[in-house]
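**Student:** Any chance you can model this:
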Amino acid sequence: MLADAGSIPAASTKLVNTGDYSRPTKTDRNQVLNGTSKDIGLVCGSPHWAPPSHNRVTSASHLQTALSNTNHLGTDECSKFRRKVFDRHQPFCLALSSHYLKIAQDKSYVEANLSLLRINDRLQLHDLNLSCSDADLTDFCKKQSEYCRSVIAKSSASDLDILKHVNDHFARYTISSLSVDKYNPISSLFKRAEAESWWRRKIRIIRARVVESIARDIGLVSKVKNTYCSKWGQSFHDDKVKRNAKLLETMGIVNQQGDTYSLKELADKSVSNPEIRRAELMVRMRGFETVANNLGHVGGFYTLTAPSKMHAFSAQGIKNPKYNGTTPRETNDYLNNVWKLVRASFCNAGIKVYGFRVVEPHHDGTPHWHLMLFHNPSDTMQIQKVFKHYAMMEDGQEAGAEKHRFKVEMIDPSKGSATGYIAKYISKNINGKGIDEDLYGNEAKSAAKAITAWTSIWGIRQFQQIGGPSVTAYRELRRLETEESGVLEQARKAADESDWAAYVMAMGGPSLPQKERPIKVALWVEDNGETVDLETGEIIPVYDTKYGNTPKGKVFGLLYEGQHVLTRFYTWTMQRLPKASAKPNTSMLLEMSDNALDRYKFWESCGLPLDLCQ
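**Tutor:** Presented below is the predicted three-dimensional model:
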């Protein structure tokens, strides 16, 4: 939001190296024929996450094919080296052999050896081979949690020294350090380190990103191979979806009255459902456009693209010689920093914008941003000037920058609506509904699945509202069943009728700072593990997370004219369902999850621990 931009813009858009171990590293040529730089293989196993055709027999066959394809290159020592690497990473051996052949043909077998060694090193994190099966990865994570539990239980050192030792252990696997703060006491950090599920989530994310980064580097993600995301990445994501689906089917939630519901059915009625998610975004986008028309504002479709060095392949599918190994996540961070500079400049100039941002990948997985923004027509030229200035700050003189780095198309109502213009971008990044093909000729639904896998692997937020009132307050208002009074009733009625435009105006318009909005979200304020219901005076316990830390605040209702309006009346906990669990009451489910397509995200409303579904 503009009010958060501050008056002092960031100093630079220069990309910060965050220590991503998925990028290529320099390797000494003398290592190449003397074996690899690390003793790998402690965690190997079969590639059960690979495509169904991959099993131990076919993996062995692929290994032999990879070896025969390269056996004419180099010395006997080279052959032994290749066998060792291909055998260690059998799920990838065919792709690695093809990459090896190309490097050897274009340069030399020595350069091919060096490239293969770098890939081998990237797939090895201390004693963990990232090409292992998910079963072996699970065993590895169990051992790590047991190790941490042993260190924490048996060490006589201070808690801070133990935490330092645990963080040093995390660093071996490129896991970020844990630190104590107001909401995370050291005991909760220890519980994380001891939890096998916490390790699995962290290691799976690291593995997926490293493997996907390698796939991009060796040419497996492009318009001539696999668009947006590699087959490996999609397989990782499919496994995750299957695990989550199984969990949802076996888990439920129960309240203090004993009402129990399946997570699977509740998730299907929330924005976890792609169709519901798409519908809600369209309702809000259409509402913003209606507000703009009523206020005499204009709309512009702004596109930001990263510098050439962040693209692995050109638009023609040719390997980019300028590519520096930047990952999609880092590229998105760069674009986000550009937007921060733009937003800060707008704030200083008193320019107000509102709308939506969509992030989508190019064919090679490099993200770019689309922003549908509404604003005062008198600000149009200044907005375009600011956008272009910051978009061109880094490598702005390179060939093609003027044409590709920043584009703008002002919306002409006589040619179509802004909502219709952005609808295809929302649809093709969710489920492909209403679209036949993407820009590269791929079937829309399969392309949407690849994009979903891409955003999941890299942790990139696809859609974000810019400006306007709180969507959380909008969703809470929809939970109110009785008529209220004044502005609260205006906003409640607008939310209940899915009229985002009326809701925006009831809340003070599209550009009012959040702190000045008439209706705000109410959170519990913790004090010694208890909180007070300010309306009833009742002392209510504050429930910790499964790791023992206190949440930063849970939504319990709305704040209007100094009074709290309750929207949530139950405390929900998660439990495993019996195998023959009864079907939930359908009418109550509809009431709880809100029966219109864009109803409140039920999962969040129950305060469910989302990390259990990773």
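**Student:** CA only for contacts and neighbour counts going forward, please
**Tutor:** OK.
**Student:** show me the contacts for Tyr173.
**Tutor:** For Tyr173, the contact set (C-alpha atoms under 8 Å, 6 or more residues apart in numbering) comprises Leu125, His126, Ile203.
**Student:** phi, psi of it?
**Tutor:** phi -110, psi 20 (degrees, to the nearest 10).
**Student:** low-scoring stretches of the protein, by residue?
**Tutor:** Applying pLDDT under 70 to the chain picks out residues 1-59, 271, 525-544, 551-552, 580-614.
**Student:** Domains of it: list them as residue ranges, please.
**Tutor:** The chain resolves into domains spanning 29-129, 134-218, 275-466, 472-613 when parsed by automatic domain parsing.
**Student:** Which is the succeeding secondary structure element to the helix or strand hosting Lys445?
**Tutor:** Using DSSP states H and E, Lys445 maps to helix 444-458. Once the chain leaves helix 444-458, the next helix or strand it forms, by DSSP H and E, is strand 463-466.
**Student:** now for the very next helix or strand once past that following strand, which elements pack on it?
**Tutor:** Note on strand 463-466: by DSSP H and E, the next helix or strand toward the C-terminus is helix 471-477. Under the contact criterion of 3 or more C-alpha pairs under 8 Å, 6 or more residues apart in numbering; DSSP states H and E, helix 471-477 touches helix 486-496, strand 519-523, strand 555-560.
**Student:** show me what contacts the residue nearest to Gln514 when sequence neighbours are not counted?
**Tutor:** Of all residues not flanking Gln514 in the chain, Pro469 sits nearest, at 6.7 Å (C-alpha to C-alpha, 6 or more residues apart in numbering). The contact partners of Pro469, taken as C-alpha under 8 Å, 6+ apart, are Val504, Met507, Gly509, Pro510, Leu512, Gln514, Arg517.
**Student:** Neighbours of the second one, how many?
**Tutor:** Spelled out, that is Met507. 26 (other C-alpha atoms under 10 Å).
**Student:** mind listing the helices for the stretch 151-300 of the chain?
**Tutor:** Ranges of helices in the stretch 151-300 of the chain, per DSSP state H, counting those that start in this stretch, are 159-171, 186-194, 196-217, 231-250, 263-268, 274-295.
**Student:** Can you tell me which of the ones you listed is most buried?
**Tutor:** Most buried of those, by mean neighbour count (mean count of other C-alpha atoms under 10 Å): helix 196-217, with a mean of 21.
**Student:** Return the distance of that helix from the chain's centre.
**Tutor:** Here helix 196-217 is found 13 Å from its chain centre; the criterion is C-alpha atoms, centre = their mean, to the nearest Å.
**Student:** For Lys385, find the nearest of the helices of the stretch 151-300 of the chain.
**Tutor:** For these, the distance to Lys385 is smallest for helix 274-295, at 21.6 Å, taking C-alpha to C-alpha.
**Student:** Show me what the closest one is in contact with.
**Tutor:** Helix 274-295 is contacted from outside by 269-271, 298-299, 354-356, 374-375, 418-419, 423, 426-427, 430-431, 498-502, 504-505, 510, 597-599, using C-alpha under 8 Å, 6+ apart.
**Student:** Which members of these are positioned in helices?
**Tutor:** Using DSSP state H, the members of these that fall within helices are Ala418, Thr419, Ala423, Ile426, Ser427, Trp500, Ala501, Ala502, Val504, Met505.
**Student:** ok, for Phe556, nearest residue in space, not its chain neighbours?
**Tutor:** Per C-alpha to C-alpha, 6+ apart, closest to Phe556 is Arg568, 5.4 Å.
**Student:** Count residues in the vicinity of that neighbour, would you?
**Tutor:** Neighbour number of Arg568 under other C-alpha under 10 Å is 15.
**Student:** list the contacts for the residue nearest the centre of the chain?
**Tutor:** With the centre of the chain defined as its mean C-alpha position, the nearest residue by C-alpha atoms, centre = their mean is Gly459, 2.3 Å away. Counting by C-alpha under 8 Å, 6+ apart, Gly459 makes contact with Arg329.
**Student:** State the number of residues packed around the residue nearest to Phe406 when sequence neighbours are not counted.
**Tutor:** In space, and not counting its chain neighbours, Phe406 is closest to Leu304: 5.0 Å by C-alpha to C-alpha, 6+ apart. Residues lying near Leu304 (other C-alpha under 10 Å) number 25.
**Student:** same question, Glu111
**Tutor:** A count of nearby residues for Glu111, using other C-alpha under 10 Å, gives 17.
**Student:** Tell me if it really is in a strand.
**Tutor:** No: Glu111: not assigned to a strand; according to DSSP: H, G, I helix; E, B strand; the rest coil it is helix.
**Student:** Now do the contacts for it.
**Tutor:** Residues in contact with Glu111, defined by C-alpha under 8 Å, 6+ apart, are Ile103, Ala104.
**Student:** Just to be sure, Ala399 is in a helix?
**Tutor:** No: counting by three-state DSSP, one finds Ala399 to be coil, located in no helix.
**Student:** State the pair within the ones in helices among the contacts of helix 274-295 that is farthest apart.
**Tutor:** Using C-alpha to C-alpha, the ones in helices among the contacts of helix 274-295 reach their maximum pairwise distance at Ser427 and Met505, which is 27.1 Å.
**Student:** Between these two, tell me which one has more neighbours.
**Tutor:** Taking other C-alpha under 10 Å, Ser427 and Met505 do not tie; Ser427 has more neighbours (23 against 16).
**Student:** any idea what sits nearest the more buried one, other than its immediate chain neighbours?
**Tutor:** Closest residue to Ser427 apart from its sequence neighbours, by C-alpha to C-alpha, 6+ apart: Lys433 at 5.8 Å.
**Student:** And the one you found, its phi and psi?
**Tutor:** Torsion angles, degrees, to the nearest 10, at Lys433: phi -70, psi 130.
**Student:** how close does it sit to Ala279?
**Tutor:** Look at Lys433 and Ala279: by C-alpha to C-alpha, to the nearest Å, they are 11 Å apart.
**Student:** do the same with Lys80
**Tutor:** Taking C-alpha to C-alpha, one finds Lys80 at 56 Å from Ala279.
**Student:** OK, contacts around His362?
**Tutor:** Counting by C-alpha under 8 Å, 6+ apart, His362 makes contact with Tyr228, His368.
**Student:** do the one 3 residues further on as well
**Tutor:** By C-alpha under 8 Å, 6+ apart, the contact set of Gly365 is Arg216, Val221, Ser222, Thr227, Tyr228, Cys229, Pro328, Trp454.
**Student:** Stretch 170-187 spans what distance, first to last residue?
**Tutor:** Criterion C-alpha to C-alpha; first-to-last residue distance in stretch 170-187 is 17 Å.
**Student:** buried sites along it?
**Tutor:** Of all the residues in stretch 170-187, those buried under the rule 16 or more other C-alpha atoms under 10 Å are Phe170, Tyr173, Thr174, Leu178, Asn184, Ile186.
**Student:** Who are the contact partners of the last one?
**Tutor:** To tie it back to what came earlier, the one meant is Ile186. Residues in contact with Ile186 (C-alpha under 8 Å, 6+ apart) are Asp159, Leu163, Ser179, Val180.
**Student:** Tabulate those (a markdown table), appending distance to Phe556.
**Tutor:** Below are the contacts of Ile186 laid out as a markdown table (distance: C-alpha to C-alpha, whole Å):
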| residue | distance to Phe556 |
| --- | --- |
| Asp159 | 35 |
| Leu163 | 34 |
| Ser179 | 28 |
| Val180 | 27 |
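**Student:** For the residues you listed, work out which two are farthest apart.
**Tutor:** Asp159 and Ser179 (11.9 Å).
**Student:** follow-up on the earlier one: distance of the residue nearest to Ser427 from Arg277?
**Tutor:** Distance, Lys433 to Arg277, by C-alpha to C-alpha: 12 Å.
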